[in-house]
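>>> what follows is a predicted protein model with its sequence.
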Amino acid sequence: MRVNFTVNGRPEAVDGVWEGESLLYVLRERVGLPGSKNACEQGECGSCTVYLDGLPVCACLVAAGQAEGRTVRTVEGLADGDRLDPIQEAFVECGAVQCGFCTPGLIVQAHDLIERVTEPTDAEIREALAGNLCRCTGYEKILDAVRLAAARKAQAQ
Amino acid sequence: MEFLRPTTWSDALAAKAADPDTVPIQGGTDVMVEINFDVRRPVALLDLNQVTELGDWELMPDGRLRVGAGVPYARIISELGDKLPGLAQASRTVGSPQIRNRGTVGGNLGAASPAGDSHPPLLAGDAVVETESAARGTRMIPAAEFYLGVKRSALEPDELIRAFWMAPAPGPQYFSKVGTRNAMVIAVCSFAIALHPEEHRVGTGIGSAAPTPRRAVAAEEFLAAELDWTAAVPLDPALPARFGELAAQAASPIDDVRGTADYRRHAVSVMARRTLVWAWNDYRERVAACA
């Protein structure tokens, strides 16, 4: 089947989509956006987190056809050209990236948090990131990055 | 596989009637897992996302809330947290923020897993499930009659779940769940309590400790007879202890990867005791505030 949707501001018409296919598969294998990662395929790990109509969701659990006519924003759509989004910068600066596999999902999820909550508490950060698994860093540097990005955002406002 | 995208409820019902093997999909948090892991290959998926009225809730003339099957957990929490506190508390324990943005009570009902987090508060709060088929119209099925077996419900093959109905909480409601961590946990077991002070009645729901979610009827009757609703005095410690025992007796758990039957029985008694104390303390504060 054909699926029409908008990804990172660009309209896409994707043909040959299998009806049982996930949005994640379409993004990675058919649209050429491999930023969202495929790990657990059951919503446990958060590596595939993308915005669907402005809400962060696990792309592996959205049927491709459910994206018809809707707007998707992936980790590739956060930076402004060569300029990283502040949450991406903070991840780099804080060393919140080790193997990098969980990073895109964490960045989208953290991006959503600091868009919604100006000065998130540690409890709020932990709750927001509870569905994103990292098996390398132990989360401390990830929390540092979110705190830094949130603080900068609050200061800028 | 076919992918059907009805935009109206009547078209959705017609599609389900035309091929009862069609699998409805709303948030996809259960259905897509089964497809991704190739444990299920439905003839067709019936995407209900375009049937917008499923995402609405309203206060009905009889005073109950009618909550569309497509309202995600995140909105149960943000929009109905004050009206359905037991269900909202359970909703907060579902998966992760990403899952709660997509998963729905309607999907939980459709899957009818004994471990579904929404079932205990639905049972405790006397929820009624509204189902509909093109051929026979609407049925109103009390939650207590909805769950028939492990992942089996009273939903007929040609029916879809339209909504659930539940009164705004007439008294304190609590939910408790045992799991290995706070997030992304399938319940080892769970328990919900709802006080109905005007009727001098208590509702309960046990999750993941029997083939179906179920009420602890003897425990409810025991409390209804023993609680002093008017004086709202502190609980005699024997009361929650006995309530816990009766709740545990209502469970019929199994040993499985998440826990043993013995552990589940014990945990149900502890959760019953705790949730009763929380709820009764709230009730006493309310009575005191009105005095």
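Thanks, I have the structure now.
>>> how much space separates the nearest residue to A:V26 once chain neighbours are set aside from A:R70?
In space, and not counting its chain neighbours, A:V26 is closest to A:A64: 4.7 Å by CB to CB, 6 or more residues apart in numbering or on different chains. Placement of C-beta: from N, CA and C, glycine included. Taken as CB to CB, to the nearest Å, the spacing of A:A64 relative to A:R70 amounts to 11 Å.
>>> swap in B:D56?
When distances are taken as CB to CB, B:D56 and A:R70 turn out to be 19 Å apart.
>>> same thing with B:R258?
As for B:R258, its distance to A:R70 is 35 Å (criterion: CB to CB).
>>> for the longest helix seen in chain A, packing partners?
For chain A, the helix with the greatest residue count under DSSP state H is helix A:140-156. Other elements packing on helix A:140-156 under the criterion 3 or more CB pairs under 8 Å, 6 or more residues apart in numbering or on different chains; DSSP states H and E are helix A:86-94, helix A:103-116, helix A:122-128.
>>> burial measure for the residue in chain B positioned nearest to chain A, as a count.
Relative to chain A, the nearest point of chain B is B:S96 (2.1 Å; CB to the nearest CB). The local packing count at B:S96 equals 25, with neighbours defined by other CB atoms under 10 Å in any protein chain shown.
>>> who has more neighbours out of B:D56 and A:R70?
With other CB under 10 Å as the criterion, B:D56 and A:R70 differ in neighbour count, and A:R70 comes out ahead with 17 against 12.
>>> if I look at the more buried one, what pLDDT would I see?
Confidence at A:R70, expressed as pLDDT, is 98.
>>> I'd assumed A:L52 was in contact with it.
Yes. At 6.2 Å, A:R70 and A:L52 qualify as touching, with contact defined as CB atoms under 8 Å.
>>> next secondary structure after whichever strand or helix holds B:L195?
When secondary structure is defined using DSSP states H and E, the element that contains B:L195 is strand B:189-196. The first helix or strand that comes after strand B:189-196 along the chain, using DSSP H and E, is strand B:201-207.
>>> pLDDT below threshold where in chain A?
Scanning chain A with the threshold set as pLDDT under 70 gives no residue ranges.
>>> which non-adjacent residue is nearest the one residue in it that gets nearest to chain B?
Here the residue of chain A nearest chain B is A:G131; by CB to the nearest CB that distance is 2.1 Å. Once its chain neighbours are removed from consideration, A:G131 has its nearest residue in B:S96; the separation is 2.1 Å (CB to CB, 6+ apart).
>>> any idea how far that neighbour lies from A:P11?
Separation of B:S96 from A:P11 (CB to CB): 30 Å.
>>> export stretch B:193-209 as PDB, just CAs?
Output in PDB follows, covering the C-alpha atoms of stretch B:193-209 (Å, rounded to 0.1, in the frame of the first residue of the first chain):
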ATOM      1  CA  ILE B 193     -10.200  -0.300  45.800                       C
ATOM      2  CA  ALA B 194     -13.100   2.200  45.500                       C
ATOM      3  CA  LEU B 195     -15.200   3.400  48.400                       C
ATOM      4  CA  HIS B 196     -18.800   4.200  47.600                       C
ATOM      5  CA  PRO B 197     -19.700   6.100  50.800                       C
ATOM      6  CA  GLU B 198     -23.300   7.000  49.900                       C
ATOM      7  CA  GLU B 199     -24.100   3.300  49.400                       C
ATOM      8  CA  HIS B 200     -21.900   2.200  52.300                       C
ATOM      9  CA  ARG B 201     -20.200  -0.100  49.900                       C
ATOM     10  CA  VAL B 202     -16.700  -1.000  48.800                       C
ATOM     11  CA  GLY B 203     -15.600  -2.100  45.300                       C
ATOM     12  CA  THR B 204     -12.500  -4.100  44.600                       C
ATOM     13  CA  GLY B 205     -10.500  -5.400  41.700                       C
ATOM     14  CA  ILE B 206      -7.700  -8.000  41.600                       C
ATOM     15  CA  GLY B 207      -5.300  -8.000  38.700                       C
ATOM     16  CA  SER B 208      -2.800 -10.700  37.400                       C
ATOM     17  CA  ALA B 209      -3.700 -13.100  40.200                       C
END
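>>> contacts for the longest helix of chain A, please.
Residues from elsewhere that reach helix A:140-156, judged by CB atoms under 8 Å, 6 or more residues apart in numbering or on different chains: A:86-87, A:89-91, A:93-96, A:106, A:110, A:113-114, A:117-120, A:122, A:125-126, A:129, A:134.
>>> ranking the helices and strands packed on helix A:140-156 by burial, who's on top?
Neighbour counts averaged per stretch over the helices and strands packed on helix A:140-156 are highest for helix A:103-116, at a mean of 23; criterion: mean count of other CB atoms under 10 Å in any protein chain shown.
>>> list of residues touching that one?
Contacts of helix A:103-116 from elsewhere in the structure, counted by CB under 8 Å, 6+ apart, are A:35-37, A:45-51, A:55-56, A:73-75, A:78, A:85, A:87-88, A:91, A:96-97, A:120, A:124-125, A:128-129, A:131-132, A:134, A:142, A:145-146, A:149-150, A:153, B:97-98.
>>> hmm, try it at 7 Å
Here helix A:103-116 makes contact (CB atoms under 7 Å, 6 or more residues apart in numbering or on different chains) with A:35-37, A:46-51, A:56, A:75, A:78, A:85, A:87-88, A:91, A:97, A:120, A:125, A:128-129, A:132, A:134, A:142, A:146, A:149-150, A:153.
>>> stretch B:255-273 too?
B:176, B:178, B:186, B:188-189, B:191, B:206, B:209, B:219, B:240-241, B:243-245, B:247-248, B:251, B:253-254.
>>> filter these to the buried ones?
B:176, B:178, B:186, B:188-189, B:191, B:206, B:209, B:219, B:240, B:243-245, B:247-248, B:251, B:253 (16 or more other CB atoms under 10 Å in any protein chain shown).
>>> strands along chain B, start to end?
With strands called from DSSP state E, chain B shows them at B:2-4, B:23-25, B:44-47, B:57-59, B:65-68, B:128-133, B:137-142, B:147-149, B:152-153, B:159-166, B:173-178, B:189-196, B:201-207.
>>> other SSEs contacting the last one?
Contacts defined by 3 or more CB pairs under 7 Å, 6 or more residues apart in numbering or on different chains; DSSP states H and E place strand B:201-207 against helix B:119-124, strand B:189-196, helix B:217-226, helix B:238-250.
>>> may I see those organised as CSV, with mean pLDDT added?
Shown next, in CSV, are the helices and strands packed on strand B:201-207 (pLDDT from 0 to 100):
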stretch, mean pLDDT
helix B:119-124, 98
strand B:189-196, 98
helix B:217-226, 96
helix B:238-250, 97
